[in-house]
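Novice: this one's sequence-less:
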């Protein structure tokens, strides 16, 4: 019988990506909606790792399940790493992805193309209901372009351009994005960690 693994996010895009990334793993992957949890965990950490651990441990306690949580965001060099851990929240609770993109592009309007380097970062935390936890991380470098391109993905994907591929994240097929993305890298490391912990009887 497959172990239950809770993906602690209300972001349907993330749940979909993680289900795809974990499809070959012996886990029954559940979302917060699947287990009837609507509670919010305040992300008070100053780093992606701190926030991922806060969420993983809190939702593991609430659900009684092995829990996978992440914190991820976009760090723009010309803005001293902003929006960073505030990537999803800087425009307010009711803002859309388009709103957040607009604000970022406004802040970069005077920044020339050669100075628009940025990186997506992701930390995945896995926690047990008893509070034991492990983390993995991933990063993908790119450039912020002036106009959104592509209809896929979510968040800042339409303005995050990967020079080696000549496309934004939003122009990539899901399997292309998962192969290089910050979340894909962190998730594959976390999946390998889950396999190791399962084999060792740790979880």
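Specialist: Structure received. As the structure is a prediction and not an experimental result, all values here were calculated from the model. Residues are numbered from 1 along each chain as shown.
Novice: state the mean pLDDT of stretch 72-87.
Specialist: When pLDDT is averaged along stretch 72-87, the result is 97.
Novice: the most centrally placed residue in the chain is in what secondary structure piece?
Specialist: Most central residue of the chain, judged by C-alpha distance to the mean C-alpha position with C-alpha atoms, centre = their mean, is residue 72 at 4.2 Å. Following DSSP states H and E, the helix or strand that holds residue 72 is strand 66-76.
Novice: centre of the chain to that strand, how far?
Specialist: A distance of 4 Å separates the centroid of the chain from that of strand 66-76, by C-alpha atoms, centre = their mean, to the nearest Å.
Novice: circling back: tell me the bridge partners for the residue nearest to the centre of the chain.
Specialist: Taking DSSP bridges, one finds residue 122 as the beta-bridge partners of residue 72.
Novice: quick one, the helix or strand of the chain with the lowest mean pLDDT and strand 66-76 angle?
Specialist: Across the helices and strands of the chain, mean pLDDT, DSSP states H and E gives its lowest value to helix 12-21, namely a mean of 83. Interaxial angle, helix 12-21 versus strand 66-76 (axes from the mean of the first three to the mean of the last three C-alpha atoms, to 10 degrees): 120 degrees.
Novice: in helix 12-21, what's buried?
Specialist: Within helix 12-21, the residues that qualify as buried by neighbour count (16 or more other C-beta atoms under 10 Å) are 14, 15, 17, 18, 21. C-beta: built from backbone N, CA, C; applies to glycine.
Novice: quick check: longest helix of this structure.
Specialist: Longest helix in the chain by number of residues, with DSSP state H as the criterion: helix 182-199.
Novice: so what touches it?
Specialist: Defining contact as C-beta atoms under 8 Å, 6 or more residues apart in numbering, one finds that helix 182-199 is touched by 3, 5, 14, 17-18, 21-22, 25-27, 68, 70, 72, 119-124, 126, 134, 136-140, 177-178, 203.
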